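Enquirer: pasting a predicted model and its sequence here:
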Amino acid sequence: MKRTWKDNLMAKMRQQIRDHKRLKLPITAGMILVTLFYNIVFYFVHNTKRFASVLVLLIFFFVSSSFSFLKKSDYMELAYESEWAEIQESYEYVPTTFHIRDEKVLDDDDVMEGYDNEELDVSADEIDQYSLDDILEANEVSKGISSTYSPTTTKLSKDDWQLVLVNKQHPVPEDYTVTLGKIKGSMKCDVRIIDDLMDMMQAAKRDSINLVVCSPYRDYNRQTVLFDRKIDYYMEEGHSYMEAYKLASMTVTVPGASEHQIGLALDIVSTTYSGLEIGFGETVAGRWLKEHCDEYGFILRYPEGKEYITGIQYEPWHFRYVGKEAAVQIMERDITLEEFIEELE
(Lines give C-alpha, C1' and ligand atoms only; values in the text may rest on other atoms or scores of the structure.)
Protein backbone atom coordinates (compact mmCIF):
# COMPACT_ATOMS: atom_id res chain seq x y z
CA MET A 1 0.00 0.00 0.00
CA LYS A 2 1.41 3.28 -1.06
CA ARG A 3 2.10 5.76 1.77
CA THR A 4 0.87 9.26 1.29
CA TRP A 5 2.75 12.39 2.25
CA LYS A 6 0.60 12.68 5.32
CA ASP A 7 1.70 9.27 6.51
CA ASN A 8 5.34 10.19 6.04
CA LEU A 9 4.85 13.39 8.00
CA MET A 10 3.21 11.57 10.90
CA ALA A 11 5.96 8.95 10.99
CA LYS A 12 8.61 11.66 11.06
CA MET A 13 6.89 13.43 13.94
CA ARG A 14 6.60 10.23 15.95
CA GLN A 15 10.35 9.58 15.44
CA GLN A 16 11.20 13.07 16.71
CA ILE A 17 9.05 12.52 19.81
CA ARG A 18 10.90 9.26 20.57
CA ASP A 19 14.30 10.95 20.13
CA HIS A 20 13.23 13.79 22.43
CA LYS A 21 12.22 11.34 25.18
CA ARG A 22 15.61 9.58 24.96
CA LEU A 23 17.44 12.90 25.47
CA LYS A 24 15.17 14.21 28.22
CA LEU A 25 16.45 11.88 31.00
CA PRO A 26 20.21 12.64 30.73
CA ILE A 27 19.52 16.34 30.24
CA THR A 28 17.35 16.42 33.36
CA ALA A 29 19.96 14.49 35.39
CA GLY A 30 22.69 16.83 34.21
CA MET A 31 20.67 19.89 35.18
CA ILE A 32 20.07 18.42 38.66
CA LEU A 33 23.81 17.73 39.19
CA VAL A 34 24.77 21.20 38.01
CA THR A 35 22.19 22.78 40.31
CA LEU A 36 23.35 20.66 43.29
CA PHE A 37 27.03 21.47 42.71
CA TYR A 38 26.20 25.16 42.40
CA ASN A 39 24.27 25.11 45.70
CA ILE A 40 27.09 23.28 47.53
CA VAL A 41 29.73 25.71 46.29
CA PHE A 42 27.50 28.64 47.13
CA TYR A 43 26.94 27.26 50.70
CA PHE A 44 30.65 26.72 51.38
CA VAL A 45 31.61 30.13 50.03
CA HIS A 46 29.11 31.88 52.29
CA ASN A 47 29.93 29.76 55.41
CA THR A 48 33.72 29.75 55.36
CA LYS A 49 34.15 30.74 59.02
CA ARG A 50 31.76 28.07 60.24
CA PHE A 51 33.52 25.27 58.38
CA ALA A 52 36.93 26.53 59.47
CA SER A 53 35.78 26.21 63.11
CA VAL A 54 34.52 22.69 62.46
CA LEU A 55 37.85 21.75 60.88
CA VAL A 56 39.76 23.03 63.91
CA LEU A 57 37.52 21.02 66.23
CA LEU A 58 38.09 17.87 64.19
CA ILE A 59 41.85 18.32 64.31
CA PHE A 60 41.75 18.85 68.08
CA PHE A 61 39.59 15.75 68.50
CA PHE A 62 41.98 13.48 66.59
CA VAL A 63 44.99 14.83 68.46
CA SER A 64 43.44 14.50 71.91
CA SER A 65 41.96 11.08 71.13
CA SER A 66 45.48 9.63 71.31
CA PHE A 67 44.93 9.38 75.10
CA SER A 68 42.30 6.76 74.43
CA PHE A 69 45.08 4.39 73.36
CA LEU A 70 46.70 4.44 76.81
CA LYS A 71 46.72 1.17 78.70
CA LYS A 72 44.10 0.92 81.41
CA SER A 73 46.77 0.94 84.10
CA ASP A 74 48.34 4.11 82.65
CA TYR A 75 44.97 5.84 82.45
CA MET A 76 44.17 4.93 86.06
CA GLU A 77 47.60 6.13 87.17
CA LEU A 78 47.12 9.50 85.47
CA ALA A 79 43.69 9.90 87.04
CA TYR A 80 45.01 8.83 90.46
CA GLU A 81 47.96 11.23 90.34
CA SER A 82 45.68 14.07 89.29
CA GLU A 83 43.28 13.38 92.13
CA TRP A 84 46.14 13.02 94.62
CA ALA A 85 47.68 16.32 93.52
CA GLU A 86 44.34 18.09 93.81
CA ILE A 87 43.79 16.76 97.34
CA GLN A 88 47.30 17.68 98.41
CA GLU A 89 46.99 21.21 97.02
CA SER A 90 43.83 21.93 98.97
CA TYR A 91 44.79 19.96 102.10
CA GLU A 92 45.25 21.82 105.35
CA TYR A 93 46.34 19.92 108.44
CA VAL A 94 44.17 20.45 111.47
CA PRO A 95 45.33 18.44 114.52
CA THR A 96 42.63 16.58 116.33
CA THR A 97 42.73 16.05 120.07
CA PHE A 98 40.52 13.50 121.72
CA HIS A 99 39.27 14.20 125.19
CA ILE A 100 37.77 11.56 127.47
CA ARG A 101 36.80 12.36 131.03
CA ASP A 102 39.11 10.76 133.58
CA GLU A 103 36.36 8.51 134.87
CA LYS A 104 35.78 7.27 131.32
CA VAL A 105 39.38 6.26 130.70
CA LEU A 106 39.90 2.49 130.97
CA ASP A 107 43.21 0.81 131.68
CA ASP A 108 43.76 -2.66 130.32
CA ASP A 109 43.32 -4.12 133.79
CA ASP A 110 39.87 -2.52 134.04
CA VAL A 111 38.46 -4.64 131.24
CA MET A 112 40.73 -7.68 131.59
CA GLU A 113 39.78 -8.24 135.23
CA GLY A 114 38.01 -11.55 135.56
CA TYR A 115 39.09 -12.72 132.12
CA ASP A 116 40.04 -16.40 132.48
CA ASN A 117 42.62 -16.64 129.67
CA GLU A 118 45.98 -16.52 131.46
CA GLU A 119 47.82 -15.89 128.19
CA LEU A 120 45.94 -12.64 127.64
CA ASP A 121 45.57 -11.61 131.26
CA VAL A 122 48.67 -9.42 131.48
CA SER A 123 48.86 -6.69 134.08
CA ALA A 124 49.75 -3.12 133.20
CA ASP A 125 52.95 -3.35 135.25
CA GLU A 126 54.28 -5.98 132.87
CA ILE A 127 53.80 -3.82 129.80
CA ASP A 128 55.32 -0.67 131.22
CA GLN A 129 57.75 1.67 129.47
CA TYR A 130 61.42 0.68 129.39
CA SER A 131 64.50 2.80 128.87
CA LEU A 132 67.78 1.58 127.39
CA ASP A 133 69.28 1.01 130.85
CA ASP A 134 66.23 -1.05 131.88
CA ILE A 135 66.56 -3.22 128.79
CA LEU A 136 70.31 -3.70 129.11
CA GLU A 137 69.93 -4.56 132.77
CA ALA A 138 67.38 -7.26 132.00
CA ASN A 139 69.12 -8.67 128.95
CA GLU A 140 72.67 -9.36 127.93
CA VAL A 141 72.58 -7.01 124.95
CA SER A 142 75.72 -5.67 123.37
CA LYS A 143 76.37 -2.01 124.21
CA GLY A 144 78.30 -1.42 121.03
CA ILE A 145 76.96 0.55 118.12
CA SER A 146 77.05 -1.02 114.68
CA SER A 147 78.67 0.73 111.75
CA THR A 148 76.77 3.57 110.14
CA TYR A 149 74.60 2.93 107.14
CA SER A 150 76.09 2.88 103.66
CA PRO A 151 73.97 2.50 100.49
CA THR A 152 73.83 -0.90 98.80
CA THR A 153 72.78 -2.12 95.40
CA THR A 154 70.10 -4.40 96.84
CA LYS A 155 66.88 -4.15 94.87
CA LEU A 156 63.92 -3.65 97.16
CA SER A 157 60.62 -5.45 96.66
CA LYS A 158 57.18 -4.85 98.12
CA ASP A 159 57.29 -8.51 99.17
CA ASP A 160 60.27 -7.96 101.50
CA TRP A 161 59.36 -8.84 105.09
CA GLN A 162 60.27 -5.40 106.44
CA LEU A 163 58.03 -3.59 103.93
CA VAL A 164 54.74 -5.33 104.66
CA LEU A 165 52.02 -2.67 104.49
CA VAL A 166 49.46 -2.62 107.28
CA ASN A 167 46.76 0.04 107.44
CA LYS A 168 42.97 0.32 107.33
CA GLN A 169 42.92 -0.74 103.68
CA HIS A 170 45.56 -3.47 104.11
CA PRO A 171 44.93 -5.49 107.29
CA VAL A 172 47.48 -7.92 108.69
CA PRO A 173 47.57 -10.96 106.36
CA GLU A 174 45.84 -13.99 107.86
CA ASP A 175 48.90 -16.18 107.25
CA TYR A 176 51.38 -13.65 108.67
CA THR A 177 53.86 -15.14 111.12
CA VAL A 178 56.55 -13.46 113.18
CA THR A 179 59.36 -14.71 115.42
CA LEU A 180 59.40 -12.55 118.51
CA GLY A 181 62.42 -11.48 120.49
CA LYS A 182 62.24 -10.39 124.10
CA ILE A 183 62.96 -6.75 124.96
CA LYS A 184 62.08 -6.97 128.64
CA GLY A 185 59.36 -8.75 130.58
CA SER A 186 56.43 -9.35 128.25
CA MET A 187 57.60 -6.60 125.89
CA LYS A 188 58.56 -8.15 122.55
CA CYS A 189 59.08 -7.29 118.91
CA ASP A 190 60.27 -8.98 115.74
CA VAL A 191 63.60 -10.54 116.69
CA ARG A 192 65.18 -9.25 113.47
CA ILE A 193 64.92 -5.58 114.49
CA ILE A 194 66.23 -5.75 118.06
CA ASP A 195 69.89 -5.13 117.19
CA ASP A 196 69.06 -2.01 115.16
CA LEU A 197 66.71 -0.82 117.91
CA MET A 198 69.45 -1.17 120.53
CA ASP A 199 71.95 0.60 118.29
CA MET A 200 69.56 3.53 117.85
CA MET A 201 68.94 3.83 121.58
CA GLN A 202 72.68 3.66 122.27
CA ALA A 203 73.37 6.38 119.69
CA ALA A 204 70.72 8.60 121.25
CA LYS A 205 72.23 8.10 124.69
CA ARG A 206 75.63 9.17 123.37
CA ASP A 207 73.89 12.45 122.48
CA SER A 208 72.50 12.67 126.05
CA ILE A 209 69.01 11.50 125.02
CA ASN A 210 67.43 8.64 126.95
CA LEU A 211 64.84 7.00 124.74
CA VAL A 212 61.99 4.95 126.16
CA VAL A 213 60.26 2.09 124.34
CA CYS A 214 56.60 1.31 124.93
CA SER A 215 53.83 -0.53 123.10
CA PRO A 216 55.86 -2.76 120.78
CA TYR A 217 54.27 -6.08 119.68
CA ARG A 218 50.61 -6.63 120.57
CA ASP A 219 48.99 -9.99 120.10
CA TYR A 220 45.92 -9.93 117.82
CA ASN A 221 43.81 -11.91 120.28
CA ARG A 222 44.68 -9.62 123.15
CA GLN A 223 43.96 -6.53 121.09
CA THR A 224 40.63 -7.95 119.97
CA VAL A 225 39.62 -8.79 123.54
CA LEU A 226 40.67 -5.35 124.77
CA PHE A 227 38.78 -3.58 122.02
CA ASP A 228 35.59 -5.63 122.32
CA ARG A 229 35.49 -5.44 126.10
CA LYS A 230 35.97 -1.69 126.09
CA ILE A 231 33.08 -1.38 123.65
CA ASP A 232 30.93 -3.52 125.95
CA TYR A 233 31.87 -1.38 128.94
CA TYR A 234 30.86 1.87 127.26
CA MET A 235 27.62 0.37 125.96
CA GLU A 236 26.71 -0.75 129.48
CA GLU A 237 27.05 2.90 130.51
CA GLY A 238 24.33 3.85 128.06
CA HIS A 239 26.30 4.71 124.91
CA SER A 240 25.18 3.51 121.50
CA TYR A 241 27.38 1.00 119.71
CA MET A 242 28.86 3.70 117.44
CA GLU A 243 29.59 5.98 120.40
CA ALA A 244 31.18 3.10 122.30
CA TYR A 245 33.20 2.13 119.23
CA LYS A 246 34.52 5.70 118.91
CA LEU A 247 35.45 5.90 122.60
CA ALA A 248 37.21 2.53 122.47
CA SER A 249 39.12 3.39 119.32
CA MET A 250 40.63 6.43 121.06
CA THR A 251 42.73 4.16 123.26
CA VAL A 252 42.91 0.85 121.33
CA THR A 253 43.66 0.46 117.62
CA VAL A 254 41.04 -1.44 115.66
CA PRO A 255 42.16 -5.10 115.59
CA GLY A 256 43.75 -6.21 112.36
CA ALA A 257 44.83 -2.74 111.24
CA SER A 258 47.66 -2.11 113.69
CA GLU A 259 51.34 -2.35 112.77
CA HIS A 260 52.03 -3.36 116.36
CA GLN A 261 50.57 -6.79 115.51
CA ILE A 262 53.42 -7.57 113.09
CA GLY A 263 56.16 -6.71 115.60
CA LEU A 264 57.76 -4.01 113.41
CA ALA A 265 56.30 -0.91 115.07
CA LEU A 266 57.14 0.69 118.39
CA ASP A 267 56.06 3.76 120.29
CA ILE A 268 59.21 5.61 121.39
CA VAL A 269 59.37 8.57 123.77
CA SER A 270 61.96 9.71 126.33
CA THR A 271 62.54 9.79 130.05
CA THR A 272 61.84 13.54 130.04
CA TYR A 273 58.67 13.34 127.94
CA SER A 274 56.83 10.05 128.34
CA GLY A 275 53.40 10.97 126.98
CA LEU A 276 52.16 9.81 123.58
CA GLU A 277 51.30 13.35 122.56
CA ILE A 278 51.92 15.57 119.56
CA GLY A 279 54.13 17.78 121.71
CA PHE A 280 56.77 15.02 121.77
CA GLY A 281 57.70 15.96 118.21
CA GLU A 282 58.99 19.34 119.43
CA THR A 283 61.24 17.86 122.10
CA VAL A 284 64.96 17.23 121.69
CA ALA A 285 64.29 13.48 121.64
CA GLY A 286 61.51 13.80 119.08
CA ARG A 287 63.67 15.89 116.74
CA TRP A 288 66.63 13.53 117.19
CA LEU A 289 64.53 10.50 116.28
CA LYS A 290 63.14 12.14 113.15
CA GLU A 291 66.64 13.13 112.03
CA HIS A 292 68.47 9.88 112.80
CA CYS A 293 65.92 7.04 112.80
CA ASP A 294 66.54 6.12 109.16
CA GLU A 295 70.19 5.36 109.93
CA TYR A 296 68.94 2.37 111.91
CA GLY A 297 66.15 1.23 109.60
CA PHE A 298 63.23 3.10 111.18
CA ILE A 299 60.86 5.74 109.79
CA LEU A 300 58.44 8.19 111.32
CA ARG A 301 55.38 6.25 110.19
CA TYR A 302 52.67 8.90 110.48
CA PRO A 303 54.25 12.28 109.59
CA GLU A 304 52.49 15.62 109.82
CA GLY A 305 50.79 16.74 106.61
CA LYS A 306 50.39 13.20 105.24
CA GLU A 307 47.20 12.27 107.07
CA TYR A 308 45.24 12.14 103.82
CA ILE A 309 47.50 9.26 102.74
CA THR A 310 48.08 7.30 105.96
CA GLY A 311 44.59 7.85 107.38
CA ILE A 312 46.23 8.40 110.80
CA GLN A 313 46.78 11.63 112.66
CA TYR A 314 50.36 12.85 113.10
CA GLU A 315 52.10 10.62 115.66
CA PRO A 316 55.69 11.76 116.37
CA TRP A 317 56.18 8.79 118.72
CA HIS A 318 55.23 5.96 116.32
CA PHE A 319 58.21 4.46 114.50
CA ARG A 320 58.19 1.59 112.05
CA TYR A 321 61.08 -0.63 110.96
CA VAL A 322 61.45 -0.89 107.16
CA GLY A 323 65.17 -1.65 106.82
CA LYS A 324 67.98 0.86 106.34
CA GLU A 325 67.83 0.97 102.53
CA ALA A 326 64.12 1.88 102.41
CA ALA A 327 64.24 4.07 105.53
CA VAL A 328 66.88 6.41 104.09
CA GLN A 329 64.90 6.88 100.87
CA ILE A 330 61.60 7.46 102.67
CA MET A 331 62.90 9.95 105.20
CA GLU A 332 65.14 11.88 102.79
CA ARG A 333 62.28 12.28 100.30
CA ASP A 334 59.72 13.04 103.02
CA ILE A 335 57.24 10.43 101.75
CA THR A 336 55.16 7.76 103.44
CA LEU A 337 55.42 3.98 103.37
CA GLU A 338 52.28 3.90 101.20
CA GLU A 339 53.91 6.15 98.59
CA PHE A 340 57.18 4.22 98.66
CA ILE A 341 55.53 0.82 98.21
CA GLU A 342 53.36 2.15 95.38
CA GLU A 343 56.55 3.04 93.49
CA LEU A 344 57.81 -0.54 93.86
CA GLU A 345 54.70 -2.03 92.23
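Expert: Arrived safely.
Enquirer: show me the strands in the chain, by range?
Expert: 130-131, 180-184, 187-190, 211-214, 265-270, 298-302, 315-321 (DSSP state E).
Enquirer: what comes into contact with the fourth one?
Expert: With contacts defined as CB atoms under 8 Å, 6 or more residues apart in numbering, strand 211-214 is touched by 127-132, 135, 183, 187, 197, 200-201, 204-205, 266-271, 274, 276, 285, 289. Placement of C-beta: from N, CA and C, glycine included.
Enquirer: go again using 6 Å as the cut-off
Expert: Gln129, Tyr130, Ser131, Met201, Ala204, Leu266, Asp267, Ile268, Val269, Ser270, Thr271 (CB atoms under 6 Å, 6 or more residues apart in numbering).
Enquirer: out of the residues you listed, who's nearest Val225?
Expert: Asp267 (20.2 Å; CB to CB).
Enquirer: quick check: that closest one touching Pro216?
Expert: No: distance between Asp267 and Pro216: 7.8 Å, which falls outside the contact criterion (CB atoms under 6 Å).
Enquirer: which of the contacts of strand 211-214 sits closest to Asp159?
Expert: For the contacts of strand 211-214, the nearest to Asp159 is Leu266 (23.0 Å; CB to CB).
Enquirer: go ahead and confirm the closest one touches Pro216.
Expert: Yes: in this structure, Leu266 is within contact of Pro216 by CB under 6 Å, at 4.7 Å.
Enquirer: before we move on, the earlier item: highest neighbour count among the contacts of strand 211-214?
Expert: Ile268 (27 neighbours; other CB atoms under 10 Å).
Enquirer: contact partners for that one?
Expert: Going by CB under 6 Å, 6+ apart, Ile268 touches Leu211, Val213, Trp317, Phe319.
Enquirer: distance check, the first one against Tyr296.
Expert: This means Leu211. Distance of Leu211 to Tyr296, given as CB to CB, to the nearest Å: 11 Å.
Enquirer: how near is Leu180 to Lys188?
Expert: Distance check for Leu180 against Lys188: by CB to CB, it reads 4 Å.
Enquirer: who's more crowded, those two?
Expert: Of the pair Leu180 and Lys188, Lys188 is the one with more neighbours under other CB under 10 Å, namely 19 against 15.
Enquirer: quick one: the more buried one from Gln162, how far?
Expert: From Lys188 to Gln162 the distance is 17 Å (CB to CB).
Enquirer: count of neighbours near Ser157?
Expert: Neighbour number of Ser157 under other CB under 10 Å is 10.
Enquirer: distance of the nearest residue to it once chain neighbours are set aside from Asp159?
Expert: Computed as CB to CB, 6 or more residues apart in numbering, the closest residue to Ser157 that is not its neighbour in sequence is Leu344, at 6.4 Å. For Leu344, the distance to Asp159 (CB to CB) stands at 9 Å.
Enquirer: repeat for Pro303
Expert: Distance of Pro303 to Asp159, computed by CB to CB: 25 Å.
Enquirer: same thing with Cys293?
Expert: Taken as CB to CB, the span from Cys293 to Asp159 is 23 Å.
Enquirer: Ala265 now?
Expert: 19 Å.
Enquirer: more neighbours, those two?
Expert: Ranked by neighbour count (other CB under 10 Å), Ala265 and Asp159 place Ala265 first, with 24 against 8.
Enquirer: pLDDT score assigned to the residue nearest to that one when sequence neighbours are not counted?
Expert: Distances taken as CB to CB, 6+ apart place Glu259 nearest to Ala265, at 3.6 Å, with adjacent residues excluded. Predicted confidence (pLDDT) at Glu259: the value is 88.
Enquirer: what residues are up against Glu259?
Expert: Val166, Ala265, Arg320.
Enquirer: same check, this time on Pro303
Expert: Pro303 makes no contacts at all, as judged by CB under 6 Å, 6+ apart.
Enquirer: and it, backbone torsions?
Expert: The phi/psi pair for Pro303 (degrees, to the nearest 10) reads phi -70, psi 160.
Enquirer: to what extent is the nearest residue in space to Lys205 that is not next to it in sequence buried, counted in neighbours?
Expert: Distances taken as CB to CB, 6+ apart place Leu132 nearest to Lys205, at 5.8 Å, with adjacent residues excluded. The local packing count at Leu132 equals 22, with neighbours defined by other CB under 10 Å.
Enquirer: touching, Leu132 and Met201? I think so.
Expert: Yes: between Leu132 and Met201 a contact is recorded at 4.2 Å, counting by CB under 6 Å.
Enquirer: shared neighbours of these two, which are they?
Expert: Counting by CB under 6 Å, 6+ apart, no residue touches both Leu132 and Met201.
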